[in-house]
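>>> structure for the following, please:
(chains A and B)
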Amino acid sequence: ETGVTQSPTHLIKTRGQQVTLRCSSQSGHNTVSWYQQALGQGPQFIFQYYREEENGRGNFPPRFSGLQFPNYSSELNVNALELDDSALYLCASMILGRVETDTDTQYFGPGTRLTVL
Amino acid sequence: QQPVQSPQAVILREGEDAVINCSSSKALYSVHWYRQKHGEAPVFLMILLKGGEQKGHDKISASFNEKKQQSSLYLTASQLSYSGTYFCGTGANFGNEKLTFGTGTRLTIIP
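Below you'll find the predicted structure:
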């Protein structure tokens, strides 16, 4: 149990639609990262939010956007869905800037399985 | 660039030992090891930082060779619960934990 929750668990959308995925971070964690994990692959970094500002982005197009709120929740929005967007979407929370101890890492939520038809 | 893990897959009998390797083409600050079971989120195992070469707990340990930009995860006397896919996540900068995950190693433990 990591203290990170995500909703919904599963989602089915059709090509061209828009989707919003939600994440609730561990209390006190000022940073949330979003990852996309295709079947059989490792998680790929989408972007990171620190204190409600985007703090880095991976190789994903602008139709992937996010928000982070003061209450440790965050959203991932994807517009104009494509078939290749089908994947498990993971959020991970952490305290940015502190990587000194055995537990200063990212803690993942259970993920949202998105299927685009 | 994505770290390369080896082997890609391994099958062991309960009680046997396993070594999983993670190799990066970039200089590393940290290596994070996770285990993921099918349909579940990655679960954190341990982190190794630049300057810290080896650590472990219980029957799982890991090493980090900065010069070679490599890390290895050691599982001794494996248990059925060790089955899953193991990922290394590499961090390039202090405090900048935008992890780049490896290709994964699928470990299957049989009775």
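
>>> use CA for all of it now, contacts and neighbours both
OK.

>>> low-confidence ranges, chain B, go.
Applying pLDDT under 70 to chain B flags residues B:52, B:93-97.

>>> chain A contacts on chain B?
Residues of chain B found near chain A (C-alpha under 8 Å from any C-alpha of the partner chain) are B:32, B:40-44, B:46-47, B:49, B:87, B:94-104.

>>> recalculate using a threshold of 10 Å.
Neighbours of chain A within chain B, by C-alpha under 10 Å from any C-alpha of the partner chain: B:2, B:29-33, B:36, B:38-49, B:55, B:85-89, B:93-106.

>>> show me what counts as buried in stretch B:102-111.
Residues of stretch B:102-111 classed as buried by neighbour count (16 or more other C-alpha atoms under 10 Å in any protein chain shown): B:102-109.

>>> no, scratch that, I was asking about stretch A:76-88
Going by 16+ other C-alpha under 10 Å, stretch A:76-88 has these buried residues: A:76, A:78, A:81-82, A:85-88.

>>> can you check stretch A:108-117 too?
A:108-116.

>>> that older thread, export the buried residues of stretch A:76-88 to CSV and tack on distance to chain B, secondary structure and pLDDT?
Shown next, in CSV, are the buried residues of stretch A:76-88 (distance: C-alpha to the nearest C-alpha, whole Å; DSSP: H, G, I helix; E, B strand; the rest coil; pLDDT from 0 to 100):
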residue, distance to chain B, secondary structure, pLDDT
A:76, 16, strand, 98
A:78, 20, strand, 98
A:81, 22, coil, 98
A:82, 22, coil, 97
A:85, 17, helix, 97
A:86, 14, coil, 97
A:87, 11, strand, 96
A:88, 9, strand, 95
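
>>> mind putting these into TSV with distance to residue B:75?
Putting the buried residues of stretch A:76-88 into TSV (distance: C-alpha to C-alpha, whole Å) gives the following:
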residue	distance to residue B:75
A:76	36
A:78	39
A:81	41
A:82	40
A:85	35
A:86	33
A:87	29
A:88	27
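
>>> after the helix or strand encompassing residue A:21 comes which helix or strand?
In the assignment (DSSP states H and E), residue A:21 maps to strand A:19-24. Per DSSP H and E, the first helix or strand lying C-terminal to strand A:19-24 is strand A:31-37.

>>> what strands line up against that next one, and which way round?
Strand pairing for strand A:31-37, determined by DSSP bridges: strand A:44-50 (antiparallel), strand A:87-94 (antiparallel).

>>> off-centre distance for that strand?
Centroid separation for strand A:31-37 versus its chain: 4 Å, with C-alpha atoms, centre = their mean, to the nearest Å.

>>> quick one: secondary structure of residue A:70?
At residue A:70, secondary structure determined by DSSP: H, G, I helix; E, B strand; the rest coil is coil.
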